[in-house]
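A.B. asks: please find the sequence and the predicted model below.
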Amino acid sequence: MKKKVGPLFYFFLIAFVFFVMFPFLWMLLSSVKPLTELFGEKAFKWFTAHPTLKNYHSVFFDYPFMKYMWNSFVVSSITTVYTVFVASFAAYAIARLHFKGKSIILGIVLSVSMFPQIATISPIYMFLKNMGLTNSYLGLIIPYTTFALPLSIWLLVTFFRKIPNDLEEAAKIDGASMFQTYWRVILPLAIPGVFTTAILVFIAAWNEFLFALTINTADDYKTVPVGIAMFQGQYTIPWGEIAAATVVVTVPLVIMVLLFQRRIVSGLTSGSVKE
């Protein structure tokens with residue numbers, strides 16, 4: 001028998017969604033306000049009587065913002081593809097193969113992601129500097145992959161373990177090799193987990209700031225978070241342009257999550273249900 005949901009539930013649900021969405025809504029409203037209404041007594045008003053798109057125009061025509069977005073897209077996409085490709089093989093080996101020290105290896109892999117970025121930025125920068133990889137896409141892809149791989153492997157191991165072993169046995173009886181079994185049988189069944197991992201890696205790489213600020217200092221290789229941080233002028237901070245740029249950067253991620261929310265939820269929950 002299904003329990004009826006009372007009005008109190010919807011009240012708390014609406015309040016929760018409001019508090020979660022408040023920062024983005026405030027940035028959206030601030031992005032269409034004129035400069036005079038971003039400060040003073042009018043700054044705390046929700047809506048403006050004189051909405052304007054001047055801030056958005058300034059973002060695209062007064063700054064190399066499209067270049068920043070392209071840099072972020074290239075770095076995030078390559079990082080995601082490479083990370084998921086390597087992590088899927090590593091996770092399958094850890095989940096299916098039997099060898100000594102497997103749990104220790106998995107623990108070491110996870111511990112790598114626990115190091116704070118600020119503690120590793122100096123040696124990583126020195127390494128990339130000596131290799132001539134600063135101010136390049138590869139200079140960001142390498143550290144991004146280093147920090148994204150451990151968590152990706154950990155997530156994918158859960159999904160591979162959930163797939164029944166009988167499917168692999170049946171494939172072996174039919175004469176399939178281990179790689180054919182992985183590619184044609186196991187991987188298609190783990191697509192929800194792979195897809196979820198890919199989205200999480202892409203969002204993390206898209207929003208990363210510290211490494212992008214330190215490693216790529218040339219304007220031609222700056223990513224979106226660094227580019228927005230550099231909007232400030234000598235004497236003023238253009239909050240209107242910053243708000244507009246933040247909205248432009250956030251909207252693609254929101255659209256992506258809304259389009260693939262079913263796959264994301266399926267991927268996040270499938271590994272937690274024990275059959």
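C.D. replies: Here it is on my side, so go on.
A.B. asks: check which residues of the helix or strand encompassing residue 23 are buried.
C.D. replies: Here residue 23 sits within helix 7-31, counting by DSSP states H and E. Of all the residues in helix 7-31, those buried under the rule 16 or more other Cβ atoms under 10 Å are 27-31. To be clear about C-beta, it is placed using only N, CA and C from the backbone, and glycine gets the same treatment.
A.B. asks: just how off-centre is the helix or strand following it within its chain?
C.D. replies: Sequence order places helix 54-61 as the next helix or strand after helix 7-31, per DSSP H and E. A distance of 26 Å separates the centroid of the chain from that of helix 54-61, by Cα atoms, centre = their mean, to the nearest Å.
A.B. asks: what's the first helix or strand after helix 54-61?
C.D. replies: For helix 54-61, the succeeding helix or strand toward the C-terminus, using DSSP H and E, is helix 65-96.
A.B. asks: so after that next one, what's the next helix or strand?
C.D. replies: Next element after helix 65-96 (DSSP H and E): helix 102-112.
A.B. asks: so for residue 260, what's the pLDDT?
C.D. replies: pLDDT recorded at residue 260 is 68.
A.B. asks: what do you get for residue 41?
C.D. replies: Residue 41 is assigned a pLDDT of 68 by the prediction.
A.B. asks: distance to residue 118 and pLDDT for the buried residues of helix 7-31 - can I get that in TSV?
C.D. replies: Conversion of these to TSV gives the following (distance: Cβ to Cβ, whole Å; pLDDT from 0 to 100):
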residue	distance to residue 118	pLDDT
27	26	80
28	31	81
29	34	80
30	30	79
31	31	78
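A.B. asks: take these and lay them out in a markdown table including distance to residue 199.
C.D. replies: Converted to a markdown table, the buried residues of helix 7-31 look like this (distance: Cβ to Cβ, whole Å):
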| residue | distance to residue 199 |
| --- | --- |
| 27 | 22 |
| 28 | 23 |
| 29 | 28 |
| 30 | 28 |
| 31 | 25 |
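A.B. asks: the helix holding residue 23 versus helix 54-61: what angle between them?
C.D. replies: Angle of helix 7-31 versus helix 54-61, following axes from the mean of the first three to the mean of the last three Cα atoms, to 10 degrees, is 60 degrees.
A.B. asks: now what about helix 7-31, what contacts it?
C.D. replies: Residues external to helix 7-31 that are found in contact with it (Cβ atoms under 8 Å, 6 or more residues apart in numbering): 38, 46-48, 55-56, 239-240, 243-244, 246-247, 250.
A.B. asks: mind checking which of those are buried?
C.D. replies: Burial by neighbour count, judged by 16+ other Cβ under 10 Å, picks out 38, 48, 55-56, 239-240, 243-244, 246-247, 250 from the contacts of helix 7-31.
A.B. asks: any idea which of these is closest to residue 217?
C.D. replies: residue 246 (22.1 Å; Cβ to Cβ).
A.B. asks: from what I can see that closest one touches residue 225, true?
C.D. replies: No - using Cβ atoms under 8 Å, residue 246 is not in contact with residue 225, being 9.8 Å away.
A.B. asks: quick check: closest non-adjacent residue to residue 45.
C.D. replies: Nearest residue to residue 45, sequence neighbours excluded (Cβ to Cβ, 6 or more residues apart in numbering): residue 37, at 7.1 Å.
A.B. asks: state the distance from that neighbour to residue 72.
C.D. replies: If you measure residue 37 against residue 72 using Cβ to Cβ, to the nearest Å, the figure is 30 Å.
A.B. asks: looking at those two, which one has more neighbours?
C.D. replies: Neighbour totals were compared for residue 37 and residue 72, and residue 72 leads with 24 against 20 (other Cβ atoms under 10 Å).
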